[in-house]
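K.L.:
Structure here, sequence nowhere to be found:
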């Protein structure tokens, strides 16, 4: 019998194994699905109980707080010795990790955390330990910081003062320039670490004038620079002011020619040719519009223009700045006013002109007297001699010259109250160019005669 059973089991062992496995799986599914809702409820209750138990236990936890500023106290222990300090490497800001019971930590905020460095505990390495506390539940908390101490650079304090360099940025409206800059203060007082103060080379205040056509009054920030024109920014440097008020005057501009007065004459037989050149010939001036409206040229009368006894051209440099009217300046601040002037000098040339007698007359004849110019009646031409540069003399033609005797001038010269019959010598005034002169004065004989009554009556008829 035993042998027979073994054979049967051996033959059906595969089938029996599968049946047993299926049976076990079905039983497991029935166990899991049986009262499934109650089991889920039991799981939820278990989790809740675990939370309650956990809260009852109030575990210890940690909470980080970042960028807590370190308050530095008793700094007068350093400053009273004439020294200043500077925090290095940003060590006056710490990250703090607070450890304590969960219920305690839940009430702690960043504002409750306080970090202090006491300068009375300054070490030989110029460091001060950081002590951290909390405004709430301090005794129930532990603190840990990312750094242990504040690092300082301590050196002698230096005081200094420097002028303020006032300038502008941008461009005013077209046709306008900066007329002047006036700061409310000219000097800045400085104090700070000696090494930093020694780096300061200049202090600038730059006012923006872009597009302006009228005066500006503005507040400008002061900026500190080293010799390489790098800006210096450091909270350890103290200044008595951080800004300065700047008044910027804006002027209108105008282009005007230069005019030169020659004070004397060249050597005998020579004359100023009239060919006077300057470089530049015009200048751009700036000022209030009301002032510029009354200026048509800049007149220069300078001793350097003297041509006394000269027989050749004069070239000289004159600074015309002092000839600018009051309230006027050069529009270009870089132009110092130096002008190169050349005065042409030529040998005097003379020329005779035979002027037709018909070209002479007397001006403003007396109404009650007959006026006759004797020379007109006795000669067909009247000869005069003129002098000047060759070009100027050649340009004068006899047919274009007119000679006039001004009777009012002659009456005044004679000291008469009114004209009476007589013979007088009157100086002739010719319409010659300014660069041409007469070799000598020329006169004509003026004959004044009483008008005969018969002639007067015939004239009235």
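P.N.:
Yep, that arrived. Keep in mind the model is a prediction, meaning the values are calculated, not measured. Numbers count the residues shown, from 1 in each chain.

K.L.:
low pLDDT regions in this structure?
P.N.:
Along the chain, the model assigns pLDDT under 70 to residues 1-19, 21-22, 24-39, 42, 45, 47-56, 274, 453-461.

K.L.:
Helix, strand, or coil at the residue nearest to residue 314 when sequence neighbours are not counted?
P.N.:
Using CB to CB, 6 or more residues apart in numbering and skipping residues adjacent in sequence, the residue nearest residue 314 is residue 343, 4.3 Å away. For glycine as for every other residue, the C-beta is placed from the backbone atoms N, C-alpha and C. Secondary structure, DSSP: H, G, I helix; E, B strand; the rest coil: residue 343 is strand.

K.L.:
surely residue 343 meets residue 270?
P.N.:
No. Contact between residue 343 and residue 270 fails when scored by CB atoms under 8 Å: they sit 11.6 Å apart.

K.L.:
Quickly note the distance from residue 238 to residue 78.
P.N.:
Distance of residue 238 to residue 78, computed by CB to CB, to the nearest Å: 15 Å.

K.L.:
When the two are compared, which one has more neighbours?
P.N.:
A count of neighbours by other CB atoms under 10 Å puts residue 78 above the other of residue 238 and residue 78, at 18 against 14.

K.L.:
so what's that one up against?
P.N.:
By CB atoms under 8 Å, 6 or more residues apart in numbering, the contact set of residue 78 is 84, 85, 119, 122, 154.

K.L.:
wait, is it part of a helix?
P.N.:
Yes. With three-state DSSP as the criterion, residue 78 is located in a helix.

K.L.:
What about residue 150, how many residues nearby?
P.N.:
For residue 150, the tally of surrounding residues (other CB under 10 Å) stands at 27.

K.L.:
Who is it paired with across the strands?
P.N.:
Beta-bridge partners for residue 150, by DSSP bridges, are residue 128.

K.L.:
Who are the contact partners of it?
P.N.:
Counted by CB under 8 Å, 6+ apart, residue 150 has contacts 70, 72, 87, 91, 92, 117, 127, 128, 130.

K.L.:
which of those residues lies closest to residue 381?
P.N.:
When the contacts of residue 150 are compared for distance to residue 381 (CB to CB), residue 87 wins out at 106.8 Å.

K.L.:
Identify the bridge partners of that closest one.
P.N.:
residue 152.

K.L.:
that older thread, of residue 343 and residue 270, who's got more company?
P.N.:
Each of residue 343 and residue 270 has its neighbours counted (other CB under 10 Å); residue 343 has more, 22 against 18.

K.L.:
got a list of what that one touches?
P.N.:
260, 262, 272, 276, 305, 307, 313, 314, 315.

K.L.:
same thing but 10 Å
P.N.:
Taking CB atoms under 10 Å, 6 or more residues apart in numbering, we find residue 343 in contact with 260, 262, 266, 272-278, 305-307, 310, 313-316.

K.L.:
tell me the contacts of residue 327?
P.N.:
Going by CB under 10 Å, 6+ apart, residue 327 touches 179, 251, 286, 287, 288, 290, 291, 292.

K.L.:
Kindly report the same for residue 155.
P.N.:
Residue 155 makes contact with 83, 84, 85, 86, 192, 193, 194, 195, 196, 236, according to CB under 10 Å, 6+ apart.

K.L.:
if you skip the residues just before and after it, what's nearest to the residue nearest the centre of the chain?
P.N.:
In the chain, the C-alpha nearest the mean C-alpha coordinate belongs to residue 168, at 1.6 Å (CA atoms, centre = their mean). Spatial nearest neighbour of residue 168, excluding adjacent residues (CB to CB, 6+ apart): residue 209 at 4.7 Å.

K.L.:
burial measure for residue 71, as a count.
P.N.:
13.

K.L.:
wait, it sits on residue 87?
P.N.:
No. Between residue 71 and residue 87 there is no contact under CB atoms under 10 Å: 11.9 Å.
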